[in-house]
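**Q** Just a sequence and a predicted model for now, questions to come.
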Amino acid sequence: MISIIIPVYNQADKILKTLDSINKQSYQDLEVIIVNDGSIDDIENVCAKYLKNLQSSINFLFLNQNNQGAPAARNRGFKESKGEYLFFCDADAVLNPQAMEILLQTLENNSGASYAFSSFLWGKKVFKLGEFNAEKLKQMPYIHTMSLIRRQDYPENGWDESIKKFQDWDLWLTMLEKGKVGIFIPQVLFTVLPGGTISSWLPSFAYKLFPFLPLVKKYNQALKVIKNKHGLE
């Protein structure tokens, strides 16, 4: 079984598209754990109404907690999960109908990989990511949070709740330090709806040419936190 864990904060306007795309998956041995991280946009009622009328073989669980951030919400969801595979899904993402099936088949066919990741769309822009490369991973955050992870290889301490940015990069580096690697699927398996955290994305040249921009300064500060933690400087 795959446990899909969705941390959500004030995304009532998007999460129903996410839930719809999960319910339409070709692979149905799923459990979905939605962790509401202190939202103030009536998301609990929105989800309750949706789930009440839903005809599905998938088990959906909705949890509430005080606002603590996405890593804490993911950790809470993990504690409630039972699947041998984990998929931390964003609440502003829409999965392709065969996403779970393709991710699972890839891991089953590649026993040396601890997680499978794919390309994705942000709006109409394609993020191709590329093959897994340990040296590249040490240099930059290029693997998305939404990857399928073997539970047995997932870090004992889960997500670092003190990390405010590059939380996925921190997770993959933590796993790499234990010899856990990923495998790339050269297909677009999900779309991230514009308006979330990735909406602050800038083209790569901007980080070199415009170091004075507030967004670039924040990026570089967060980069330093991760590199210090993992001894990459």
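**A** Cool, got the structure. Given the structure is predicted, the values throughout are model-derived calculations rather than measurements. Residues are numbered from 1 along each chain as shown.
**Q** For the longest strand seen in the chain, enumerate its sheet partners and note whether each is parallel or antiparallel.
**A** When the chain is parsed with DSSP state E, its longest strand is strand 182-192. Looking at strand 182-192 with DSSP bridges, its partner strands are strand 93-95 (antiparallel), strand 115-122 (parallel).
**Q** any residues touching the shortest one, and which ones?
**A** The one in question is strand 93-95. 17-18, 20-22, 25, 89, 120, 146, 189-193 (Cβ atoms under 8 Å, 6 or more residues apart in numbering). (Glycine included, C-beta is placed from N, CA and C.)
**Q** next structured bit after that strand?
**A** Going down the chain from strand 93-95, the next helix or strand is helix 99-109, by DSSP states H and E.
**Q** That next one: how far from the chain's middle?
**A** Distance of helix 99-109 from the chain centroid (Cα atoms, centre = their mean, to the nearest Å) equals 16 Å.
**Q** List the buried residues of it.
**A** Neighbour counts over helix 99-109 (16 or more other Cβ atoms under 10 Å) mark 99-104, 106-107 as buried.
**Q** Against Asn67, how distant is Phe87?
**A** 23 Å (Cβ to Cβ, to the nearest Å).
**Q** CA atoms of stretch 176-196 as CSV?
**A** Below are the C-alpha coordinates for stretch 176-196, written out as CSV (Å, rounded to 0.1, in the frame of the first residue of the first chain):
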residue,chain,number,x,y,z
LEU,A,176,22.2,10.0,0.6
GLU,A,177,24.4,10.1,3.7
LYS,A,178,22.9,6.7,4.6
GLY,A,179,23.7,5.4,1.1
LYS,A,180,20.1,5.8,-0.1
VAL,A,181,19.7,6.9,-3.7
GLY,A,182,16.9,7.7,-6.1
ILE,A,183,15.9,6.7,-9.6
PHE,A,184,14.6,9.2,-12.2
ILE,A,185,11.5,8.6,-14.4
PRO,A,186,11.7,10.8,-17.6
GLN,A,187,8.0,11.5,-17.7
VAL,A,188,5.8,14.3,-16.4
LEU,A,189,3.8,12.7,-13.6
PHE,A,190,2.2,15.7,-12.0
THR,A,191,1.4,19.4,-12.4
VAL,A,192,1.9,22.0,-9.7
LEU,A,193,-0.8,24.7,-9.8
PRO,A,194,0.7,28.3,-9.9
GLY,A,195,0.4,30.4,-6.8
GLY,A,196,2.1,28.2,-4.2
